[in-house]
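# turn this into a model:
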Amino acid sequence: MTEMRAKAVRRKAFAWTTMAFAAAFYAFGLSVAGGEENDGFAVALTMATVAFFFWTLAWDSTYRYTATHVSTTHFLVTTTVAWRDVALIDSTTGLTLQLRDGTTLGSISYGGSLLGTFTGNITHRRARSILQDAHHAARRQPGSSGPVPRHHDFEWRRGLVTAVVIYSPILAAGL
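Numbering: from 1, shown residues only. From the prediction side, this is the model:
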């Protein structure tokens, strides 16, 4: 994804609601870390870890795309494929990219749910539309036959920055 900066597609209500829970856990952890109790530091680190988990689930785990590639991130591991290898963007059982070799690529934050089954995954429609537009706008190059090449990358920079932001105040308060 070197052509341009990747654009992220997020379920805003899901992301912001989950991030609010992360902030609440984090605030609780900070308040406990500042206390005089012996076990407060361990509780604070646990709460910060829960906040970090919510961040990876709601904010970082999403679809990102450029003019030539699309990727999805699961707990800091990003899988990228070329748009030419995407056959269909489907939102019947969660938002998934069906690749030309028959495999699928999905995102945790756009997974299927019982409520989504009954509502027709209406929260996925906007993202599906954005990804379909990007897919259609991508330069069409014929894909080769065989398995779709996937590039897996550990997105350590985003995770490291987030971990520093989350854990530094907790560690400072605990010292």
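
# going forward, measure contacts and count neighbours with C-alpha atoms only.
Fine.

# mind listing the helices for the protein?
For the chain, the helices defined by DSSP state H cover 12-33, 40-55, 114-119, 125-137, 156-174.

# point to the residue nearest the middle of this structure.
residue 61 (0.9 Å; Cα atoms, centre = their mean).

# any idea of the mean pLDDT in stretch 77-94?
Here stretch 77-94 scores 88 as its mean pLDDT.

# give me the distance from that stretch to the chain's centre.
14 Å (Cα atoms, centre = their mean, to the nearest Å).

# buried set for stretch 64-82?
Buried positions in stretch 64-82, judged by neighbour count with 16 or more other Cα atoms under 10 Å: 64-76, 78-82.

# oh, that last question was meant for stretch 95-111, not what I typed.
95-101, 104-110.

# please apply the same query to stretch 42-58.
Per 16+ other Cα under 10 Å, stretch 42-58 contains these buried residues: 43-45, 47-52, 54-58.

# touching that stretch from outside, list them.
With Cα atoms under 8 Å, 6 or more residues apart in numbering as the test, stretch 42-58 has contacts from 14-16, 18-19, 21-23, 25-26, 28-33, 74-76, 108-109, 162-163, 166-167, 170.

# hmm, try it at 6 Å
With Cα atoms under 6 Å, 6 or more residues apart in numbering as the contact definition, stretch 42-58 has outside contacts at 15, 18, 22, 25-26, 29, 32-33, 75, 109.

# which among the residues you listed gets closest to residue 156?
The closest of these to residue 156 turns out to be residue 75 (Cα to Cα; 10.2 Å).

# what about the nearest residue to the closest one once chain neighbours are set aside, distance to residue 10?
Leaving aside its sequence neighbours, residue 75 sits nearest to residue 56 (Cα to Cα, 6 or more residues apart in numbering; 5.5 Å). Here the criterion is Cα to Cα, to the nearest Å. By it, residue 56 lies 13 Å from residue 10.

# low-confidence regions, the protein specifically.
1-4, 33-40, 112-121, 139-145, 174-175 (pLDDT under 70).
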